[in-house]
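>>> the following block contains a protein sequence and its predicted model.
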Amino acid sequence: MITALHTSPTEPHDLIRHVVRAFTDYIAQDRRDGKIMFVESQSVPELAQRGEQLVKEFTAPIAASLDRLSGDEKRDKVTTQLNSTAIFGALAFLYQHWLTGNSRISKAE
C-alpha cells in the first residue's frame, strides 16, 4: 500500500482509481485480512472501535481528492467531510459483500 502511494498519479480521478485498485489488490492477496477489516471487526468491540479511529486515515485522501476536483471553487469543509465519509462507506459496503461472496462484482470491476 505504501508503495502504491509513492507511485500514485497526480490527477484526482486517476489518484482515486489508483488507491482503490491498490487496496483491492492488497485485500485480494489474502481475503482473510479483508474479512477481518470489513466483516469480523463489526462483531468485536475492540476491532470496531479501532476501525472507527482509522476512518479518518482513509477519508482524508478522499477529501483531498474532492477538494482538488473542485478546482478553484471553494468547498464547504463539512460537505467535503460528509462526502468523503459517504464514499468510504460505500466502498466498505462493496468490499464487505465482495469478501463474503454476496456480490456479483469481480475484483476487476
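Received, thanks.
>>> tell me which residues in stretch 23-34 are buried?
Within stretch 23-34, the residues that count as buried by 16 or more other CB atoms under 10 Å are Phe23, Thr24, Ile27, Gly34. Placement of C-beta: from N, CA and C, glycine included.
>>> same list (these) but as a markdown table, adding distance to Glu57.
Conversion of these to a markdown table gives the following (distance: CB to CB, whole Å):
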| residue | distance to Glu57 |
| --- | --- |
| Phe23 | 12 |
| Thr24 | 17 |
| Ile27 | 16 |
| Gly34 | 17 |
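>>> secondary structure added to those, as CSV?
Formatted as CSV, those follow (DSSP: H, G, I helix; E, B strand; the rest coil):
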residue, secondary structure
Phe23, helix
Thr24, helix
Ile27, helix
Gly34, helix
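>>> what's next to the helix or strand hosting Gln49, contact-wise?
Under the criterion of DSSP states H and E, Gln49 resides in helix 45-69. Residues from elsewhere that reach helix 45-69 (CB atoms under 8 Å, 6 or more residues apart in numbering): 12-13, 15-16, 19, 36-37, 40-42, 75, 80-81, 83-85, 87-88.
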